[in-house]
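A.B. asks: Model the structure of this input:
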Amino acid sequence: MLRRVSPTEGIQQKYPEWVVLVTACDKEGKPNVMPAGWCMCTSGDPPMMAVSVKPSRYTHDCIEQTGEFALAWAGEGQADLILYAGSCSGRDASKFEEGDIPYVDAEEIGAPLILGCHAYLECKLAGQMTTGDHTLFVGEVVAAHIPDPPIAKVDNFNGEFVVAHKATNR
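C.D. replies: As a prediction, this is how the structure comes out:
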């Protein structure tokens, strides 16, 4: 037996979800970061990922300006970073400077890679599509990184961030 619910209630059943930190730079090179829950694989050959970003977000402008972005799955101990990155706009703040966010330069793109994450993908924009109130950015993965030693991934349980998986490097 099935009980019909609202689309919003049905969508809320997706939790837990991964928390991905999206980094991108604007055309002047200023880095920005935002947390996103709507991220997925779209192709294995070539490897491609998609992330959904609202057009009003500064990160949206950055990706459109530079054609590149990085995805980093938040790691253990980054709950405060997730909340900070989602609480202010990069238009109004220099999040990396003001938030003292540690990072390293990416190898293939201009966006930084935030230290302490579970895994990293550097992406070059391959296409985009408006999907209602968001834009789906599809990027070809041009480089991938994992920390050594591994760092556990954080999952979002509808606003509560929990270390869900102990990481292993195989």
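A.B. asks: Just the strands from the protein, written as ranges.
C.D. replies: For the chain, the strands defined by DSSP state E cover 17-18, 20-25, 31-36, 39-44, 47-53, 68-73, 103-105, 112-114, 119-131, 134-145, 153-157, 160-165.
A.B. asks: What's the local residue count around the closest residue to Tyr58 other than its chain neighbours?
C.D. replies: Nearest non-adjacent residue to Tyr58, counting by C-beta to C-beta, 6 or more residues apart in numbering: Gly90, 4.0 Å away. Where C-beta positions appear, they are placed from N, C-alpha and C, glycine not excepted. Gly90 is flanked by 22 other residues according to other C-beta atoms under 10 Å.
A.B. asks: ok, Cys123 to Ala24 distance?
C.D. replies: Going from Cys123 to Ala24 by C-beta to C-beta, to the nearest Å gives 10 Å.
A.B. asks: Quickly list what's touching both of these two.
C.D. replies: Contact criterion C-beta atoms under 8 Å, 6 or more residues apart in numbering; residues shared by Cys123 and Ala24: Glu68, Phe69, Ala70.
A.B. asks: any low-confidence regions in the protein?
C.D. replies: Scanning the chain for pLDDT under 70 picks out 158-162, 164-170.
A.B. asks: If we use 90, what do you get?
C.D. replies: For the chain, residues meeting the criterion pLDDT under 90 lie at 8, 11-19, 37, 79, 88, 90, 92-93, 152-170.
A.B. asks: possible to save the strands of the chain as JSON lines with mean neighbour count and distance to Asp80?
C.D. replies: Listed next are the strands of the chain as JSON lines, based on neighbours: other C-beta atoms under 10 Å; distance: least, C-beta to C-beta, whole Å:
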{"stretch": "strand 17-18", "mean neighbour count": "17", "distance to Asp80": "18"}
{"stretch": "strand 20-25", "mean neighbour count": "26", "distance to Asp80": "13"}
{"stretch": "strand 31-36", "mean neighbour count": "23", "distance to Asp80": "12"}
{"stretch": "strand 39-44", "mean neighbour count": "13", "distance to Asp80": "21"}
{"stretch": "strand 47-53", "mean neighbour count": "20", "distance to Asp80": "22"}
{"stretch": "strand 68-73", "mean neighbour count": "25", "distance to Asp80": "15"}
{"stretch": "strand 103-105", "mean neighbour count": "13", "distance to Asp80": "16"}
{"stretch": "strand 112-114", "mean neighbour count": "22", "distance to Asp80": "13"}
{"stretch": "strand 119-131", "mean neighbour count": "17", "distance to Asp80": "20"}
{"stretch": "strand 134-145", "mean neighbour count": "18", "distance to Asp80": "23"}
{"stretch": "strand 153-157", "mean neighbour count": "19", "distance to Asp80": "11"}
{"stretch": "strand 160-165", "mean neighbour count": "16", "distance to Asp80": "9"}
